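K.L.:
just coords:
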């Protein structure tokens, strides 16, 4: 007996409720798998933000805070590092390169970062990829700037344009360094990391901007002129270290953490990223729980529709029994129906999700810096879909059992 | 083998059945004996236990007491699934109304028993080559002379047409026993006569045994034997 055919015919006769049930299951599948895809790709893109750096050094605070402001440009440093300390550590044996980072200004909502030319040679992201320029060249002059791809895209900048930097990090800052505009010398290739949203200038540029400023306020009377000023910075916000060999990294970390002249903190980027991600996993768990509840709601909907239909179908069950169907056939029919709905829902959901990823990929990447590849479902997604399928089967047992009870009570004699 | 063929097709002895443990029995000391090829009319008012009797003969329910033998099988000794098999292979039912599965076409409704029974499928194939051909043959005989339109939905059919489709379904694959439960009560007088003529023709052609249950004695002269429900069961109550 081909129950699938009967199940299919029966569902087709109740097309509208069947389609709605399939759609609600599909929506829950989109949510469940979508959250999973975003989680996996967010995690990998997160881990790809910085690479090849052995230590990050900043003023003593928390490791996550240091990671946030030095790599993600989120939040602010509590204190700076003196230039002398930076130089002392940079000269240590075994240190291959250092990249200084000086933060505190912004341009129309994008953070400005002062650094050295070493940034373009040694900074790495993803799988040890170096930064590349799509146009122009690294900054050479004090008032040159190199902008990230997202800055260029959203503000529609190209090489040669003028940029005025605001003091502080608020996009609507009233204090602007209008007297000292910067010229864009280069635009970086897209990286999918916070680099895309950064305006890079030289350390000298940062110093030059702030000549005749005192703290947060611009001095009323112009004092010195640029040429009179020594553009060597007195302090920087943080710096990255690359080592000749990883073996000395623990030794150097301890040396920095116990550095006598000033309180410093050195962190391993990998460990700090991991700590930060475990903080974010609360949100990730919440999303997962929400999607599980949506799945439960969809399956409950299917159960409700199936149970509501049972009373109308008592006659149908009696006819099937009279032509020779056993109770197993009747239960099989109802289980086949719910399984058919669940499978269709899952397939539709996967189809919707993949077309959405296909269509939305560039938009998501541009807005959130998150690249979601059109990859085959991973093991976890397979497991989720399998659990959903098994649950659909178990849910199908309920109306199947009810139909069995009804048919025991009715025999062949139910009348409408 | 000889003894099986000579034994009655349906044999009930001292049957007692209640639908619920605490209810009074629907059938008490029930007895019935129907031979092969007999056409038997069972007459009884509603509430006399007719439907219960048909459920017992169909193997849908088993009595608490007594003996039930159908096509030589002792139903009280069989498992439920085995009784289902006997019903699928050897019994065709026609009910008063709502005989058809609404989401299946006319043809699919008629061939439905062949999906549940290999025996009836084989019989149909032997007679007409394919199950569908046999269904079309029966429909042509019982329903209309058209070869077309059998893939139509059954919801468009009149009650009379529905009953003919139901009769074709009961007859497909030549089951040994045809049970008709008030099959004409929803038809008007003229249609009743036509329907019964067709039914009798087909039952005779296929050599089936006919068990016809009705409260209306109008057509009882057509049958070999008339049995009053009151002689089958001493007490009939709470008919479902």
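P.N.:
It's in. Every value quoted in this text rests on a predicted model; they were computed, and no experiment measured them.
K.L.:
Excluding covalently adjacent residues, which one is nearest to residue A:275?
P.N.:
Take residue A:275 and drop its neighbours on the chain: the residue closest to it by Cβ to Cβ, 6 or more residues apart in numbering or on different chains is residue A:64, 5.8 Å away. C-beta: built from backbone N, CA, C; applies to glycine.
K.L.:
That neighbour contacts residue A:274, doesn't it?
P.N.:
No: if you go by Cβ atoms under 8 Å, residue A:64 and residue A:274 don't touch, sitting 10.4 Å apart.
K.L.:
which of the two has more neighbours?
P.N.:
residue A:64 (15 against 12; other Cβ atoms under 10 Å in any protein chain shown).
K.L.:
which residues does that one contact?
P.N.:
Counting by Cβ atoms under 8 Å, 6 or more residues apart in numbering or on different chains, residue A:64 makes contact with A:272, A:275, A:276, A:279.
K.L.:
Taking chain B, what residue is nearest to chain A?
P.N.:
Going by Cβ to the nearest Cβ, chain A is nearest to residue B:88 of chain B, at 2.4 Å.
K.L.:
My guess is that residue contacts residue B:113. True?
P.N.:
Yes: with contact defined as Cβ under 8 Å, residue B:88 counts as touching residue B:113 (6.7 Å).
K.L.:
Overlap of the contact sets of those two?
P.N.:
A:323, A:324, B:120.
K.L.:
Flag the shaky bits of the chain, pLDDT-wise.
P.N.:
Here I'm looking at chain A. A:1, A:169-175, A:212-229, A:366-367, A:369, A:413-416 (pLDDT under 70).
K.L.:
right idea, wrong chain: chain B
P.N.:
B:1-6, B:143-148, B:235-240.
K.L.:
can you pull the buried residues of whichever helix in it runs longest?
P.N.:
Assignment by DSSP state H gives helix B:189-206 as the longest helix of chain B. Neighbour-count burial for helix B:189-206 flags B:191, B:192, B:195, B:196, B:198, B:199, B:200, B:202, B:203, B:206 (criterion: 16 or more other Cβ atoms under 10 Å in any protein chain shown).
K.L.:
Quick check: the residue nearest the centre of chain B vs residue B:199, distance?
P.N.:
With distances taken as Cα atoms, centre = their mean, the residue of chain B nearest its centroid is residue B:179 (2.0 Å). Distance, residue B:179 to residue B:199, using Cβ to Cβ, to the nearest Å: 12 Å.
K.L.:
next one: residue B:157
P.N.:
Counting by Cβ to Cβ, the gap from residue B:157 to residue B:199 is 17 Å.
K.L.:
Kindly report the residues of chain B close to chain A.
P.N.:
When proximity is defined as Cβ under 8 Å from any Cβ of the partner chain, chain B approaches chain A at B:19, B:51-52, B:54-55, B:58, B:60-61, B:80-81, B:84-85, B:87-89, B:93, B:95-104, B:108, B:112-113, B:115-117, B:169, B:240.
K.L.:
Tell me the buried residues within those residues.
P.N.:
B:19, B:51-52, B:54-55, B:58, B:60-61, B:84-85, B:87-89, B:93, B:95-104, B:108, B:112-113, B:115-117, B:169, B:240.
K.L.:
Helix, strand, or coil at residue A:259?
P.N.:
coil (DSSP: H, G, I helix; E, B strand; the rest coil).
K.L.:
Contacts only, for it.
P.N.:
Counting by Cβ under 8 Å, 6+ apart, residue A:259 touches A:85, A:89.
K.L.:
Ramachandran angles for it?
P.N.:
phi -60, psi 120 (degrees, to the nearest 10).
K.L.:
for the one 10 residues further on, same thing?
P.N.:
Residue A:269 adopts backbone torsions of phi -60, psi -40, taken as degrees, to the nearest 10.
K.L.:
hang on, isn't residue A:37 packed against residue A:357?
P.N.:
Yes: assessed by Cβ under 8 Å, residue A:37 is found in contact with residue A:357 at 7.1 Å.
K.L.:
what's the overlap in contacts for the two?
P.N.:
Joint contacts of residue A:37 and residue A:357 (Cβ under 8 Å, 6+ apart) are residue A:372.
K.L.:
who does the helix or strand where the residue nearest to the centre of chain B lies pair up with?
P.N.:
Using DSSP states H and E, residue B:179 maps to strand B:177-181. Under the criterion DSSP bridges, strand B:177-181 sits next to strand B:91-94 (parallel), strand B:209-214 (parallel) in its sheet.
K.L.:
one step back: what sits opposite the residue nearest to the centre of chain B in the beta ladder?
P.N.:
residue B:93, residue B:211.
K.L.:
mind checking how far residue B:231 is from residue B:43?
P.N.:
Distance from residue B:231 to residue B:43, by Cβ to Cβ: 10 Å.
K.L.:
buried ones in stretch A:34-45?
P.N.:
Neighbour-count burial for stretch A:34-45 [16+ other Cβ under 10 Å]: A:34, A:35, A:36, A:37, A:38, A:39, A:40, A:41, A:42, A:45.
K.L.:
which one among those gets closest to chain B?
P.N.:
Using Cβ to the nearest Cβ, the buried residues of stretch A:34-45 come closest to chain B at residue A:34, 35.0 Å.
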